[in-house]
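Trainee: here you go, sequence then predicted model.
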Amino acid sequence: MIAKRIIPCLDVKDGKVVKGVNFVGLRELGDPVNMAKRYSEQGADEIVFLDISATNEARQTIVDMVERTAKNIHVPFTVGGGVRSIEDVNRLLQAGADKVGINSAAVHSPDLVKEASHRFGNQCIVVAIDAKKFDDGWHVMTHGGRKDAGIDAIEWAKKVESLGAGEILLTSVDADGVKTGFDIPLTQAIVDAVRIPVIASGGVGHPDHFTEVFQKTDVSAGLAASIFHEDTYTVKEVKDACIKKGVLVRET
Amino acid sequence: MIAIVDYGMGNVLSVRHAFEHLNQTVIVTDKPEELRKASHIILPGVGSFQAAMEEIHARNLYDLLIELAQTKPFLGICLGMQLLFTEGTEGKHTEGLDLIPGTIRKIKTDYILPHVGWNQLMISNQHKAFKQYEQAFVYFVHTYQAETDDKYIVAKSTYGEDITAIVRKDNIFGIQFHPEKSAKIGSSIIQTFLNEVTK
């Protein structure tokens, strides 16, 4: 049977991995390719790079990073952040990315998801959904989780599936940075709404948070950033925790 | 020198890196004279069966690929593996290279499609060289799969039904998953292909 995937995420700014909340107090952690290589050696099933560079010049450095990653990392990797056009998608895929993540641009121009999946195949288009709980349900958020797009997240998940998204990267804005575990109700609600793989993100502070989301929901993968940085926990420790609880993961 | 067939169906960089990582010299080309000179032919590919066959015909590669498969070690990866078979049923029925008898059809499963992620291999007892990969995890991304005679199946996986993972007919190999994305195991499987065809 198919294994649950453990995915470390690297936030990249101006060619360096950074750590920090809400774009303030960013601290440089190192070279993204070296860090990705270390994670893949620890057993990461995939790697996600999120480019948070503010300028177009800096985005050019991401293409170099993608090329170096493709050469050195032998597991699939996704690149997202600031993807706004078919040309952006094409450039990242040509540089060697396996999948491209589309976030805010999908909300502003859904046709981008349709066109990109039609042209490059559903399997390489990941739509990132940032969701936050309101009285009437979960809303889609843009601008790094700060701005309410006024769209119901469950309806949006169904919509991006129909537009051709191959996967959904679901981040709970409420759980993000809190380190008390994944947002289980949100994750299950989105998983139930679609027939494409969902990657849960936001809230991980401990390896057991992965086993919890895999045991309580039918999510395909779990993603975390900070717990893997500076070796707070290794990918292997997360997998060992999963194996102990009977969750099927790829052993390396 | 190993030739990777460049016919416009997806990025071939990772496949190239995977062979270079094993100290092979690689050329990416669709030129007949270069393909004829190569020691091994690798047919990669991502996308639809129909579009891929149209590209192969448009580049006048159809007869050439069949000719090369008679004489050289030949490996199809992912969609490239599917093209080895008789026909594809994605969209309208399309004739494949027919190097191995079989049909490409949608995976019959209650699970979500595409079948994406790391799944385990079950190795046929007839293929000793691959027995070391029993239960190994490899990375799949596909919605269609090959239905073929058991005698060609080297490895299967399971996803609500059996999934054809590795096939072989003489010097022609096909790998449904992505060995170039399957970490050390994937690299080892490519090396085993190289070893098997140089015996």
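Mentor: Great, that's in hand.
Trainee: okay, and A:Leu26 sits in which element?
Mentor: strand A:24-30 (DSSP states H and E).
Trainee: any idea of the mean pLDDT in the helix or strand following that strand?
Mentor: Downstream of strand A:24-30, the first helix or strand assigned by DSSP H and E is helix A:32-42. For helix A:32-42, the mean per-residue pLDDT is 96.
Trainee: what parts of chain B come near chain A?
Mentor: Proximity of chain B to chain A, by C-beta under 8 Å from any C-beta of the partner chain, involves residues B:10-11, B:13-14, B:17-18, B:21, B:46-47, B:111-120, B:137, B:139-141, B:158-159, B:178, B:180-184, B:186-187. No exception for glycine: its C-beta is placed from N, CA and C like everyone else's.
Trainee: quick one, which of these are buried?
Mentor: Using 16 or more other C-beta atoms under 10 Å in any protein chain shown as the burial test, those include B:10-11, B:13-14, B:17-18, B:46-47, B:112-120, B:137, B:139-141, B:159, B:178, B:180-183, B:186-187 as buried.
Trainee: in helices, which of those appear?
Mentor: Counted as lying in helices by DSSP state H, out of those, are B:Leu13, B:Ser14, B:His17, B:Ala18, B:Ala183, B:Gly186, B:Ser187.
Trainee: what's the farthest-apart pair in the residues you listed?
Mentor: B:Leu13 and B:Ala183 (17.0 Å; C-beta to C-beta).
Trainee: outside of the helix or strand hosting A:Asp64, which residues touch it?
Mentor: In the assignment (DSSP H and E), A:Asp64 maps to helix A:56-72. For helix A:56-72, contacts defined as C-beta atoms under 8 Å, 6 or more residues apart in numbering or on different chains pick out A:12-15, A:32-33, A:36-37, A:47, A:49, A:51, A:53, A:77, A:79, A:81-82, A:91-92, A:95-97, B:13-14, B:17.
Trainee: and the angle from it to helix A:32-42?
Mentor: For helix A:56-72 against helix A:32-42, the angle by axes from the mean of the first three to the mean of the last three C-alpha atoms, to 10 degrees is 30 degrees.
Trainee: what about helix A:56-72, average pLDDT?
Mentor: 86.
Trainee: the helix or strand immediately after it in the chain close to chain B?
Mentor: Once the chain leaves helix A:56-72, the next helix or strand it forms, by DSSP H and E, is strand A:77-80. No. Using C-beta under 8 Å from any C-beta, strand A:77-80 stays clear of chain B, coming no nearer than 8.9 Å.
Trainee: just the mean pLDDT for strand A:77-80, thanks.
Mentor: The average pLDDT within strand A:77-80 is 96.
Trainee: hey, C-alpha coordinates of that strand in CSV?
Mentor: Extracted in CSV, the C-alpha atoms of strand A:77-80 (Å, rounded to 0.1, in the frame of the first residue of the first chain):
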residue,chain,number,x,y,z
PHE,A,77,10.4,18.4,-5.1
THR,A,78,7.9,21.2,-5.4
VAL,A,79,8.6,24.9,-5.8
GLY,A,80,6.1,27.5,-4.9
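Trainee: following that strand, which helix or strand comes up?
Mentor: Next helix or strand after strand A:77-80 toward the C-terminus (DSSP H and E): helix A:86-95.
Trainee: give the other helices and strands that that next one contacts.
Mentor: Judged by 3 or more C-beta pairs under 8 Å, 6 or more residues apart in numbering or on different chains; DSSP states H and E, helix A:86-95 is in contact with helix A:56-72, strand A:99-102, helix A:111-120.
Trainee: list the buried ones in that helix?
Mentor: Neighbour-count burial for helix A:86-95 [16+ other C-beta under 10 Å]: A:Asp88, A:Val89, A:Arg91, A:Leu92, A:Leu93, A:Ala95.
Trainee: same question for stretch B:41-51.
Mentor: Here stretch B:41-51 shows B:Ile41, B:Ile42, B:Leu43, B:Pro44, B:Gly45, B:Val46, B:Gly47, B:Ser48, B:Phe49, B:Ala51 as buried, counting by 16+ other C-beta under 10 Å.
Trainee: farthest pair in the residues you listed?
Mentor: In terms of C-beta to C-beta, those reach their longest pairwise distance at B:Ile41 and B:Ser48, which sit 21.6 Å apart.
Trainee: interface residues of chain A facing chain B?
Mentor: Residues of chain A found near chain B, taking C-beta under 8 Å from any C-beta as the criterion, are A:1-3, A:5, A:40, A:45, A:70-71, A:74-76, A:93-94, A:96, A:98, A:121-124, A:166-167, A:195-197, A:220-221, A:250-252.
Trainee: now which of those residues would you call buried?
Mentor: Judged by 16+ other C-beta under 10 Å, buried ones among those: A:2-3, A:5, A:40, A:45, A:70-71, A:74-76, A:93, A:96, A:98, A:121-124, A:166-167, A:196-197, A:220-221, A:250, A:252.
Trainee: need the distance between the two termini of stretch B:152-165.
Mentor: 11 Å (C-alpha to C-alpha, to the nearest Å).
Trainee: now stretch B:137-147
Mentor: 21 Å.
Trainee: repeat for stretch B:109-121
Mentor: So stretch B:109-121: terminal residues 18 Å apart, C-alpha to C-alpha.
Trainee: outside of that stretch, which residues touch it?
Mentor: With C-beta under 8 Å, 6+ apart, stretch B:109-121 has contacts from A:1-3, A:5, A:45, A:122-123, A:166-167, A:195-197, A:220-221, A:250, B:106-107, B:133-143, B:155-161, B:163, B:165-166, B:177, B:182.
Trainee: which non-adjacent residue is nearest B:Leu64?
Mentor: B:Pro32 (5.4 Å; C-beta to C-beta, 6 or more residues apart in numbering or on different chains).
Trainee: and if you look at B:Glu55?
Mentor: Nearest residue to B:Glu55, sequence neighbours excluded (C-beta to C-beta, 6+ apart): B:Tyr7, at 4.7 Å.
Trainee: quick one: pLDDT of that neighbour?
Mentor: Value listed for B:Tyr7 in the pLDDT field: 93.
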